[in-house]
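Trainee: 3D, please:
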Amino acid sequence: MTAFYLGLTSFLLVTLAAGMWRILRGPSQADRMLAAQLFGTTAVAMLLVLAQAMEQPALRDVGLVFALLAAVTIVAFVRRAWPSAGEESGDDA
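Mentor: Numbers count the residues shown, from 1 in each chain. Reported below is the predicted structural model:
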């Protein structure tokens, strides 16, 4: 069963290569950010699979921290890339 988990982790590593291509060739900043989110999601998946394969529960905790960081990153990107209507008009209400 460990070989299956390691094979699955290798497959996830290959999907990261596809994400790297999208980051390098993405037509817009949003495409690049979504590819970076793919990195975060894949890293969490890899950590969860490796935690199961190696019977290391600490890797699950690291995966959860990565998931939280990915969520914070996307919120920060959206707030920076698309300012709200009040910020565009320059009103200091």
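Trainee: Could you use CA atoms for every contact and neighbour count after this?
Mentor: Fine.
Trainee: Nearest to the spatial middle of this protein, which residue is it?
Mentor: Against the mean C-alpha coordinate of the chain, by C-alpha atoms, centre = their mean, the closest residue is Gly40 at 2.0 Å.
Trainee: can you pull out the helices in the chain?
Mentor: Under the criterion DSSP state H, helices of the chain are mapped to 2-25, 29-54, 57-81, 85-89.
Trainee: that older thread, got a list of what the residue nearest to the residue nearest to the centre of the chain when sequence neighbours are not counted touches?
Mentor: Excluding its sequence neighbours, the residue lying closest to Gly40 (C-alpha to C-alpha, 6 or more residues apart in numbering) is Ala70, at 5.9 Å. Contacts for Ala70 (C-alpha atoms under 8 Å, 6 or more residues apart in numbering) come out as 37, 40-41.
Trainee: Equivalent analysis for Ala58, please.
Mentor: Ala58 is in contact with Ala51, counting by C-alpha under 8 Å, 6+ apart.
Trainee: repeat that with 7 Å
Mentor: Residues counted as contacts of Ala58 (C-alpha atoms under 7 Å, 6 or more residues apart in numbering): none.
Trainee: Please apply the same query to Phe39.
Mentor: 16, 19.
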